[in-house]
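Undergrad: here's my sequence, what's the structure:
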Amino acid sequence: MFTTLRRTAERTPPGRDRHVDLLRAVAIVLVVLGHWLAVVVTYGEHVGGGTVLAFAPWARPLTWLFQVMPVFFLVGGFANAASLDSYRRRGGGAAGWFLGRADRLIRPATAFVLTLSGAALVAVLLGTDPATVARGVWLACLPLWFLTAYVTVVLLTPVLLALHRRAGLAVPVVFAVPVALGDAARLLGGPAVLGAAGYVLAWAAVYQLGIAWREGALPARPRVAAPMALGGLAALVLLTVPGPYPVSMVADPGTRLQNTSPPTLALLALAVAQTGVALLLHERGRRLLRRTRPWTLVVAVNSVIMTVFLWHMTAVVIAVPALYITGLMPQPPPGSAEWLLLRVPWLAFLTAVLVVLVAVFGRFERNAGPSPAPGQPVGAGVAAVTLVGAGLVVAGLLGAALTGGDGLPAPMLPVYLAGAALLRAARASHGPPTSPAG
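TA: Numbers count the residues shown, from 1 in each chain. A predicted model of the protein is given here:
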């Protein structure tokens, strides 16, 4: 495996911006660590838990370091704009390009939802309390929130790229306006549904920054990067410390307004600051990755990055019976010195479980097919099937993400699987594959 990864690293095209891949790899590590560190598990008569933020308010500013989902959308916008451009130069169209990019997301997601649903069914049939199973499924499904939004913006990439070339940096600013209006409505006591557009538009705004970076509107130069980093940080401080937004950049049960449900202006300020930092570190990252060993490591992480993300909360679900129900892990007060010390064996166990899960399920991501060969016209029927399939996939993922602690994801399975099957059929009808770019 290592030899294959090293050969892949050595064959990297010279024009590839390796810093983008480094950002993606670092971001996944921080996301996983942040989620694992924040989880609080309790076990008495029943399994329970929550987040350490409810017990240790001092941890809330630390979420500014671990909330790096904006980085995923930033580098996604950069990489997908580059990939789409390359595909079009070789005579391909938007539908063929999307079928290839989506396959890398949908194959590991399909393995995830099928395995999780099968395991939940088996657990119930074996006599496990359905409420306990439902809570475990809900916890494992948390990563699907991200995937729902990400598949949506990938589908919209041709439109977003065209918007950038027409209006430039005005596009993310316009996207931020409905986010601000939704925030204002919620702060004034209006219905929460008024902020629902932020679930797409806020992430699309960050994705658009990645497109702008790739297109040269946000050059990786200190005169651009430093004002973004400092300005975004200043705005974040003003919006949270004296302002109306909570300090925590992840879900915090102690606050009425959440910065991620839906994304707020405060989260967009964090995204601007992170974009500035990413640009500032650009040349340093590229210099580091000229060396074969660190670049091979980055290639290895990126080869299973969606698998790592999808399964990292399942590792927590597995750890609960293994460590808490058996009594191997004590339950000191969350946030205490003893609790913090026990994070070391907790992280070690979760890492070992995740390594096994990635070894088992990583092949679905690694074996994902590249985009269909460009140059062949896509009929209206194939394009329609692609669009319907993508819509069903997004609807199915959203249904799973909305599954609360009192339900199981069974109702979303037919919807999701129908969409995945349509995309697979559209891809098969679009000719033989070719190697992807970007």
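Undergrad: run through who's touching stretch 270-289.
TA: By C-beta atoms under 8 Å, 6 or more residues apart in numbering, the residues outside stretch 270-289 that reach it are 17-19, 21-23, 64, 67-68, 70-71, 73-75, 205-206, 209, 213, 218-222, 224-233, 235-236, 249, 294-295, 298. Heads up, the C-betas are built off the backbone N, CA and C, glycines and all.
Undergrad: among these, name the buried ones.
TA: Among these, the ones that count as buried by 16 or more other C-beta atoms under 10 Å are 17-19, 21-23, 64, 67-68, 70-71, 73-75, 205-206, 209, 213, 218, 220, 224-225, 228-229, 232-233, 235-236, 249, 295, 298.
Undergrad: in helices, which of these appear?
TA: Applying DSSP state H to the buried ones among the contacts of stretch 270-289, the entries found in helices are 18-19, 21-23, 64, 70-71, 73-75, 205-206, 209, 213, 224-225, 228-229, 232-233, 235-236, 295, 298.
Undergrad: could you pull up phi and psi at the spatially closest residue to Leu187 that is not a sequence neighbour?
TA: Spatial nearest neighbour of Leu187, excluding adjacent residues (C-beta to C-beta, 6 or more residues apart in numbering): Pro244 at 5.4 Å. Pro244 adopts backbone torsions of phi -90, psi -10, taken as degrees, to the nearest 10.
Undergrad: and Pro244, what pLDDT?
TA: At Pro244, the model reports a pLDDT of 93.
Undergrad: ok, how many other residues are close to it?
TA: Pro244 is flanked by 15 other residues according to other C-beta atoms under 10 Å.
Undergrad: correct me, but it touches Leu257?
TA: Yes - if you go by C-beta atoms under 8 Å, Pro244 and Leu257 touch, sitting 7.2 Å apart.
Undergrad: okay, and the common contacts of the two?
TA: Residues within reach of Pro244 and of Leu257 at once, by C-beta under 8 Å, 6+ apart, are Leu187.
Undergrad: show the subsequent helix or strand relative to the helix or strand hosting Met313.
TA: Under the criterion of DSSP states H and E, Met313 resides in helix 305-319. The first helix or strand that comes after helix 305-319 along the chain, using DSSP H and E, is helix 337-341.
Undergrad: okay, Gly210 and Thr157: tell me how far apart.
TA: Separation of Gly210 from Thr157 (C-beta to C-beta, to the nearest Å): 10 Å.
Undergrad: mind checking the longest helix of this protein?
TA: helix 94-125.
Undergrad: for that one, packing partners?
TA: Secondary-structure packing of helix 94-125 (3 or more C-beta pairs under 8 Å, 6 or more residues apart in numbering; DSSP states H and E): helix 69-89, helix 130-140, helix 144-155, helix 157-167, helix 305-319, helix 343-366, helix 380-401, helix 413-428.
Undergrad: after the fourth one, next one along is what?
TA: Sequence-wise, the next helix or strand downstream of helix 157-167 (DSSP H and E) is helix 170-187.
Undergrad: and the angle for that next one with helix 69-89?
TA: For helix 170-187 against helix 69-89, the angle by axes from the mean of the first three to the mean of the last three C-alpha atoms, to 10 degrees is 150 degrees.
Undergrad: which of the residues in helix 170-187 are buried?
TA: For helix 170-187, burial by neighbour count (16+ other C-beta under 10 Å) applies to 171-172, 175-176, 178-179, 182-183, 186.
Undergrad: now stretch 282-293: buried residues?
TA: Residues of stretch 282-293 classed as buried by neighbour count (16+ other C-beta under 10 Å): 282, 285, 289.
Undergrad: so which of the residues you listed is the closest to Gly50?
TA: Using C-beta to C-beta, Gly285 is the member of those that lies nearest Gly50, at 36.2 Å.
Undergrad: okay, and that closest one sits in which element?
TA: Taking DSSP H and E as the definition, Gly285 sits inside helix 282-288.
Undergrad: same deal with Gly189?
TA: Here Gly189 sits in a region with no helix or strand, counting by DSSP H and E.
Undergrad: low-confidence ranges, the stretch 301-438 of the chain, go.
TA: By pLDDT under 70, the low-scoring segments of the stretch 301-438 of the chain are 369-378, 401, 403-410, 430-438.
Undergrad: name the SS class of the residue nearest to Gly49 when sequence neighbours are not counted, please.
TA: Nearest residue to Gly49 in three dimensions, chain neighbours excluded: Val41, at 4.5 Å (C-beta to C-beta, 6+ apart). The assignment at Val41 comes out as strand when based on DSSP: H, G, I helix; E, B strand; the rest coil.
Undergrad: before we move on, what about Val247?
TA: Of the three states, Val247 takes coil under three-state DSSP.
Undergrad: isn't it right up against Leu62?
TA: No - if you go by C-beta under 8 Å, Val247 and Leu62 don't touch, sitting 9.9 Å apart.
Undergrad: who has more neighbours out of these two?
TA: Neighbours were counted for Val247 and for Leu62 using other C-beta under 10 Å; Val247 has more, 22 against 19.
Undergrad: got the contact list for the more buried one?
TA: Contacts of Val247 by C-beta under 8 Å, 6+ apart are 60-61, 63, 240-241.
Undergrad: just the buried members of those?
TA: Buried among the contacts of Val247 by 16+ other C-beta under 10 Å: 60, 63, 240.
Undergrad: in CSV: these, plus distance to Val385.
TA: Formatted as CSV, these follow (distance: C-beta to C-beta, whole Å):
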residue, distance to Val385
Arg60, 46
Thr63, 41
Thr240, 45
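Undergrad: looking at the residues you listed, which is nearest Ser117?
TA: Ranked by distance to Ser117 (C-beta to C-beta), those are led by Thr63 at 30.9 Å.
Undergrad: show the contacting residues for the nearest residue to the closest one once chain neighbours are set aside.
TA: Distances taken as C-beta to C-beta, 6+ apart put Met249 closest to Thr63, at 4.2 Å, once the chain neighbours are dropped. Met249 makes contact with 63-64, 67, 259-260, 266-267, 270 under the criterion C-beta under 8 Å, 6+ apart.
Undergrad: just curious, which of these is nearest to Val317?
TA: Nearest to Val317 among the contacts of Met249, with distances taken as C-beta to C-beta, is Thr260, at 21.1 Å.
Undergrad: pull up the gap between that closest one and Ala176, please.
TA: Thr260 is 16 Å from Ala176, by C-beta to C-beta.
Undergrad: before we move on, the earlier item: among the contacts of Val247, which two are most distant?
TA: The widest separation within these (C-beta to C-beta) is 13.9 Å, between Thr63 and Val241.
Undergrad: and the closest residue in space to Val179 that isn't next to it in sequence, what pLDDT?
TA: Leaving aside its sequence neighbours, Val179 sits nearest to Gly198 (C-beta to C-beta, 6+ apart; 4.5 Å). Here, the pLDDT recorded for Gly198 equals 85.
Undergrad: Gly198: neighbouring residues, count only.
TA: 28.
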